[in-house]
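K.L.:
Curious how this folds, go ahead:
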Amino acid sequence: MARTVSRATTLFAALAILLAACTGTTSGGPSGSGGGGAKAAYGGSVTFAMNSDISNMDPMLSGLFVDRHLMYAMYDSLVRVTPKGEIIPWLATKWTISADGKSYTFNLRTDVKYQDGTTFDAESAKWNLDRYRTTKESLRLGELAPIDTVTVVDPATLKVDLKAPSAPFLSVLVDRSGMMLSRKAVEAGGADFTRKAFKAGSGPFILTEAVKDDHYTFQKNPDWWGKASNGDKLPYLETVIIKPITDGDVRLTNVRTGQVQATNAVTGKDVPTVKSDSTLVYQEIAGIGYNSLVPNRAPGFIFNEKRYVQAVSYAMDRNELLNKGPAQGVGVVAYGPIAPSHFAYDASFKPFEKPDVAKAKQLVADVGKGPLKFELLVSSGDAATLQFAQLLQSQLAKADITMDIKTLLFNDIVALQQKHQQLGMTLIGWSGRIDPDGNVYDFNYTGRPNNDSAYSNKDVDALLDQTRTATDQAKRKDLFLKAQQTFVVDDPSRIFYSFNAAQLLTAKAIQGFSVFPDQLPRFETVWLQK
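P.N.:
Residues are numbered from 1 along each chain as shown. Here you go, the predicted structure:
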């Protein structure tokens, strides 16, 4: 028997979503309309600070967390999530899954136009999915690899047939793989589209100005389809400005002086300060993103030798890095990529609970090529990042491992590691996905777009393939944990050391702003208290 998930025509606020979840129904749409019972007000402008500049506005080519700060304002996706991580309808009003789990039939909204005036329909949805999954340069290839065919049934109905059942399939449509763009705008934009995606989406805000390394300005989309639970037409804000500010101290100063009204990046040392500031509101929940060291395991590079990666991992004191480094205890120690909120998390998996300097030294000695020395690339412009690297450097020195710190722009580091050209390791994290597949598969499977360590292990590939086709959650967990033992301990792909906390810091006048586990801002329900 096919399974169908649908939504009511009215969009519910966060409370309604949670009530629906409790009663076994699924409803979707914007997650809030007010704060403390006050009536939401229209108008005004909010400036939001993120911790680095974007790399790309095209979901097909985007590989950075910060890119999505803009994308969630500009674009709608087929499905979305609640702050609890529950998948809800968005541009798709409902979907039916075949009994064998290989076919998804999506019923689409019929009242949506892109910001350039063109129509969103099944033909447009097909074009987007096919573009993401067939373009050679696409960073969505791995996420959408399970798709066999995409068929337009009628203007409001899309059918997606998979090569095999895929447990995480819906979860990837929440994000960039499910974002819908105007074909006309993409094709007209050409090479400039990646930095100037004007009027390309159907989302709540329209990009009107893009100044690299300075700011991105959005104006309200008066034709957006979203409504709040009380019937208010969304969005409330007239203008949203998103600014990249790399230095954590400067970012906070901007918030405290009112030049910026919100940010999702607060340095650990500053958390007690913002919590005690009566003019600010600080929210924090468990996140799903992790921080890691990415070695280059390609042939010809230092860390092609797995024992060197193991040695660095054994020499690290993860508790000290979390509690005495710039995080100052904000977050959770990590030993792998599966977060505590994931169903596949195993709290007993602590292979490097304490540093083992003797083990690290022995692993290097066993290689037989003398002391280990390597280069770590860290993002420039943030004192906290450099402080972390220096603390790690001192830990590794205890195991006679020399780590040279080199700073580069974040985007340049990402470009290097995507080409597998980093000489040693990079200090790069991942914002996380609601299904553990999104934290694991593409980073550890041979040849996948996000496999920046050039890692390849046939046993891991086989286990990860099975995590996608298994329908039983307990079976999927067992497969994930077997794979994790290999790519974390026995033949490491990268080194995981902490899970992020999802943060949101706002001025007191900001209302209707929820914090999500993925730490991405959603502006459609935000309003200013007069």
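K.L.:
Just the pLDDT for the most centrally placed residue in the chain.
P.N.:
For the chain, the residue nearest the mean C-alpha position is Ser431 (3.7 Å; C-alpha atoms, centre = their mean). Taken from the predicted model, the pLDDT recorded for Ser431 is 87.
K.L.:
Where do the strands of the stretch 151-300 of the chain begin and end?
P.N.:
In chain order, the stretch 151-300 of the chain shows strands spanning 157-162, 179-180, 205-211, 215-220, 239-244, 262-263, 280-295, with DSSP state E, counting those that start in this stretch as the criterion.
K.L.:
Give me the packing partners of the first one, helices and strands only.
P.N.:
Read it as strand 157-162. Contact partners of strand 157-162 among helices and strands, from 3 or more C-beta pairs under 8 Å, 6 or more residues apart in numbering; DSSP states H and E: strand 103-108, helix 122-134, strand 147-154. C-beta here means a position set from N, CA and C on the backbone, and glycine is covered the same way.
K.L.:
Can I get that strand in PDB? Just the C-alpha atoms.
P.N.:
C-alpha atoms of strand 157-162 as PDB (Å, rounded to 0.1, in the frame of the first residue of the first chain):
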ATOM      1  CA  THR A 157       2.200  16.400 -10.300                       C
ATOM      2  CA  LEU A 158       5.800  15.200 -10.400                       C
ATOM      3  CA  LYS A 159       6.900  11.500 -10.200                       C
ATOM      4  CA  VAL A 160      10.400  10.500  -9.100                       C
ATOM      5  CA  ASP A 161      11.500   6.900  -9.600                       C
ATOM      6  CA  LEU A 162      14.600   5.700  -7.700                       C
END
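K.L.:
Asn451 against Val440, yeah?
P.N.:
No. Between Asn451 and Val440 no contact is recorded; they are 11.1 Å apart, counting by C-beta atoms under 8 Å.
K.L.:
More neighbours: the two, which one.
P.N.:
Val440 (26 against 22; other C-beta atoms under 10 Å).
K.L.:
residue contacts, the more buried one?
P.N.:
Counting by C-beta atoms under 8 Å, 6 or more residues apart in numbering, Val440 touches 337-338, 464, 467, 480, 483-484.
K.L.:
please redo it, this time with the cut-off set to 6 Å
P.N.:
Pro337 (C-beta atoms under 6 Å, 6 or more residues apart in numbering).
K.L.:
same check, this time on Ala399
P.N.:
315, 357, 360-361.
K.L.:
Just put those in a markdown table and tack on pLDDT and neighbour count.
P.N.:
Output for the contacts of Ala399, formatted as a markdown table (pLDDT from 0 to 100; neighbours: other C-beta atoms under 10 Å):
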| residue | pLDDT | neighbour count |
| --- | --- | --- |
| Ala315 | 98 | 27 |
| Val357 | 98 | 17 |
| Ala360 | 98 | 26 |
| Lys361 | 98 | 19 |
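K.L.:
And these, which two are furthest apart?
P.N.:
Based on C-beta to C-beta, the longest span within these runs between Ala315 and Lys361 and measures 8.4 Å.
K.L.:
that older thread, could you identify which of the helices and strands packed on strand 157-162 is most buried?
P.N.:
Mean neighbours per residue, mean count of other C-beta atoms under 10 Å, is largest over these for strand 103-108, with a mean of 21.
K.L.:
what's the average pLDDT for that one?
P.N.:
Model confidence over strand 103-108 averages 98 on the pLDDT scale.
K.L.:
And the contacts of that strand?
P.N.:
Residues outside strand 103-108 that contact it (C-beta under 6 Å, 6+ apart) are 92-97, 122, 156-161.
K.L.:
could you dump the contacts of Ala399 to JSON lines with secondary structure?
P.N.:
Rendered in JSON lines, the data for the contacts of Ala399 read as follows (DSSP: H, G, I helix; E, B strand; the rest coil):
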{"residue": "Ala315", "secondary structure": "helix"}
{"residue": "Val357", "secondary structure": "helix"}
{"residue": "Ala360", "secondary structure": "helix"}
{"residue": "Lys361", "secondary structure": "helix"}
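K.L.:
Brilliant, that's me finished.
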